[in-house]
Each structure stands twice: as structure tokens, then as C-alpha cells.
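Participant: Whatever this is, show me its structure:
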Amino acid sequence: MFYYLIHNRLVVSLEPLNQFKEIGETQAKTIPGKVYFAYRKDPERFRRSFALTDISLVFLEEEGINLLVSPEKVNDYPIAPWIRKRINDGLATAVNIAYPNWQNVLINKLPDDQWRINIIGLGDVGGTLLSGLRLLGGKKIRVIGIYDQDRKKVDRWVYEANQILAPFCDTDYPQVIGISQGDIFNCDIFVFCVSAGVPPVGQEEKDVRLAQLEGNARIVKFYAQMARETGFPGIFAVMSDPVDLLCRSAFDASNRDEKGSKDYLGLAPEQIRGYGLGVMNARAAYYAQKKPETKRYLSEGRAYGPHGDGLVIANSIENYDDILSQYLTEKACKANLKVRSLGFKPYVAPALSSGALPLLATMEGKWHYSATFMGGVFMGAKNRLTPAGTELERLPLPEKLINRLQDTYERLGRYQG
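Facilitator: Numbering: from 1, shown residues only. Model (predicted):
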């Protein structure tokens, strides 16, 4: 191991970092706080940083579904006890030094207290999301900035959202302000809710979400390139459909120079998060409670994958039943069509269960569902954002479930490749 003090942060490296002055282990052990574990892997397939909860994570030959599975052995790596203790105490971050801007990981940090969020796109989803965050976000959100190309929508929501409050109580509500395009990335979380066109009720294609890909990808790429130009250090959250694919579009667009060559100087993988899986979990839970044999999902189940075709619902991890899991998966996938059959667009539950609630959980460092970068593919799973970075839940998954997850992962990879 090699030890360094870089930007006043303790860095432990698997290889010598010749541009920095090395320090001894005796001195390294006395430096308090977080330790950054430096390693080198292909930026196209490996994250720039993450919460190092298990030392085996930096020795993986590939990242994929294995990030969701508990390792069989966790203590078979030569590592000093004092480093292992910091890992166990949640004081370790893995840093991939193959990224040219890896030192930003040492400098940037999460907001100490309240966050600033900017919502882009004030259609059905954006407006409902704003309402939810105004009602629930007083403790974690300081200001909500809103932007839309239609200025009347901005003015309308500034008036209406700031008038959402309860009398005779001391509840805090985040202030809602209109912003200009130049202020879009003056925030901690940028939320992309723009849609180039949701198919009208009665004109649905096989997958309503995929039908929006081309138009929405064009717009998300524009904002991703803008994030690169401004050096945006915060979270780039995607809520528009198809969530997972748009995350990949944002990553690709942001990390190309003016000639179109990949340089990985834009948004890092861990900065991009897709918010679409929360409502699929909620829909599965809605149907699970209706039958005694599926109620186990409410306490033991998990949701994985995209917000749409390829979704994986597991009725239980410990007591996995493939038939019941497939049943809940189908019900969750088709739930939006049920609302459309009634003559309405299904946007309320997605805006709140995939948007407002998990966004707040992200800020609070709590477990939630969102899509993150796994081996070049953005895929939804239970995770949380801690001061050390993103931590994915790892469980002893049954083989049948792993096979389903692998199928979904490969399908998403074909779309995102």
C-alpha cells in the first residue's frame, strides 16, 4: 500500500502516485476521518467513486449484477486492521484514478444541512413533484428553483406552490422561486422532468416509456453538456422516461469534448441518478396487499431494473417464489395502462413515489430506489447516498432471481450500448 495526503485528505493507493509526496503508514494512521482508497479501472465500465463498504469491491474484475450480491468472502484481502475499521465505520470512499478529474472526489462534499433543488420542466410530473417537495421538504430543502421554456408555467407555480402551507403551525416550507436558464445548475440537485411528448391517452404504443426516448434523449443531452460546461458538482437526477436510458445518454453526452471524443471530464457516473423505480415498487406493493400469498412482498420483497419493460419484482429474498414474483412484475408493469384505460395519464404516483419521496430519502441518506451506474449500465436498485458515496444494497440472492436480473441487465446494456 502507498499513503498520501492530498488536498488534506488521506489517500491509500494500490499503486504509487508519483506526482504526490508519499507518507508513511505510521503518519497515515494518525490522520483522522475518511480514507480514500485509490484504484485504477476503465472509466467506461467502472464508477468514479462509491462508498467502500467491502474491500473486495476495489478488486472486482467487472461491475454488474455482482454489485447487488453479497460476497462469499470479505476478509480474504491483505489490508491493515486500521483501514478495515474505517471501512466498517463507514469512513471509506473508493476513488477510481483512471478518471482525469478524480481529485474532485476529495474536494466535493454533500451539503451539510439543507439542499437547493432545481426542477426543469413543469408539466404534469414536474408540477406534482414540486407540490410534493413543497409539502414534505421543509427540513432538507432550502430553496426549490423552477424552470420551463413556458414562462407562464413558471409564474403560475411560483404563485401556487408558495401558497401551499398550513395555518397555526411552525412547519418550514422550502421557498419556490423562478430561475433563468443561466441559473439552472446553481443547485445541489438538478431534476430533469422535461418531456418531448407523452403519447396521448388512447394512442399508446407497446411501451409508452420507450416511445419518448428519441425526443427526451435529445433534450437531456443538451442539459448534460451544459452541466459539463458549468463544472456542475451536484446530482443530475432524471425523472423523464425512459429513465435508465436517459441516464446513459446524459453520461455519454457530458463526457465528450467538442470533437465528440470521450474524455470523462463531464458528469461522473455517481452524479447521475434515475428516479423511476420507486413507483414500480409502490405498484407491486399495491397488488401484493390484495392477496395473502403475495403480502410477504411488503416486508421482504425488492424491486430492480427499469421503470418499464424489464422490471424485476421479487416477492421475497429469503423465500423467493418465481411464479408470485412474475405475477407481481406483470401487475406493476401494466399498472400505468390501467390508469390510461380510465382516460387519465398516470403521473401522480410516479411524481411522488419515484420522485418526491426518494429524492428526499437521497438527501437524508436513507435507503430508497433509484437507478445508478453498474458496469456501464444504469439500473435501478435499493441504495443510499452517504457522505462516503453511493452504497448499493447487497444481499444473498437466489439463483433464479440472479438470472432474471442478469437478463434485465443485458437488455438494458443493449439499449444503452
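
Participant: which phi and psi does I177 have?
Facilitator: The phi/psi pair for I177 (degrees, to the nearest 10) reads phi -130, psi 150.

Participant: Could you tell me how many residues sit around the residue nearest to it when sequence neighbours are not counted?
Facilitator: Leaving aside its chain neighbours, I177 sits nearest to G145 (5.6 Å; criterion: CB to CB, 6 or more residues apart in numbering). The C-beta positions use only the backbone N, C-alpha and C, and glycine is treated the same way. Neighbour count for G145, taken as other CB atoms under 10 Å: 22.

Participant: Which elements pack onto whichever strand or helix holds G145?
Facilitator: Using DSSP states H and E, G145 maps to strand 141-147. Counting contacts by 3 or more CB pairs under 8 Å, 6 or more residues apart in numbering; DSSP states H and E, strand 141-147 packs against strand 115-120, helix 124-136, helix 151-161, strand 175-178.

Participant: what pLDDT, on average, does it get?
Facilitator: The pLDDT scores in strand 141-147 average 99.

Participant: Going forward, count from 46.
Facilitator: From this message on, residue numbering opens at 46, which makes the last subject strand 186-192.

Participant: Now do it and strand 160-165, the angle between them.
Facilitator: Note on geometry: by axes from the mean of the first three to the mean of the last three CA atoms, to 10 degrees, strand 186-192 and strand 160-165 are set 20 degrees apart in direction.

Participant: returning to what we had before: what is the residue nearest to I222 paired to in the beta sheet?
Facilitator: N163, I222 (DSSP bridges).

Participant: Tell me if I'm right that it and R161 touch.
Facilitator: Yes - G190 is in contact with R161 according to CB atoms under 8 Å; the separation is 7.0 Å.

Participant: Now do the helices in this structure.
Facilitator: Assigned by DSSP state H, the helices in the chain fall at 70-75, 126-133, 149-152, 169-181, 196-206, 258-275, 288-299, 322-333, 342-345, 367-386, 393-394, 402-409, 444-461.

Participant: Going by neighbour count, which residues in stretch 198-212 are buried?
Facilitator: Buried positions in stretch 198-212, judged by neighbour count with 16 or more other CB atoms under 10 Å: K198, V199, W202, V203, A206.

Participant: any residues touching that stretch, and which ones?
Facilitator: 167, 172, 175-176, 179-180, 189, 191-193, 216, 218, 220-223 (CB atoms under 8 Å, 6 or more residues apart in numbering).

Participant: list residues touching both of G190 and R161?
Facilitator: Joint contacts of G190 and R161 (CB under 8 Å, 6+ apart) are N231, C232.

Participant: and W127, how far is that from N53?
Facilitator: 19 Å (CB to CB, to the nearest Å).

Participant: More neighbours: the two, which one.
Facilitator: W127 (12 against 9).

Participant: Who are the contact partners of that one?
Facilitator: Taking CB under 8 Å, 6+ apart as the test, what W127 contacts is K74.

Participant: can you point me to the longest strand in the protein?
Facilitator: For the chain, the strand with the greatest residue count under DSSP state E is strand 422-431.

Participant: Show me what that one is packed up against.
Facilitator: helix 288-299, strand 317-319, helix 322-333, strand 347-349, helix 402-409, strand 413-419, strand 434-437, helix 444-461.

Participant: Can you say which of these is packed in most?
Facilitator: Compared across the helices and strands packed on strand 422-431, strand 317-319 shows the largest average neighbour count, a mean of 28 (mean count of other CB atoms under 10 Å).

Participant: For that strand, give me every contacting residue.
Facilitator: For strand 317-319, using CB under 8 Å, 6+ apart, the contacting residues are 280-284, 288-289, 291-292, 295-296, 352, 407, 415-418, 423, 425.

Participant: And stretch 106-113, by the same measure?
Facilitator: 90-92, 102, 105, 349, 419-422, 426, 437-440, 442, 447, 450-451, 454.
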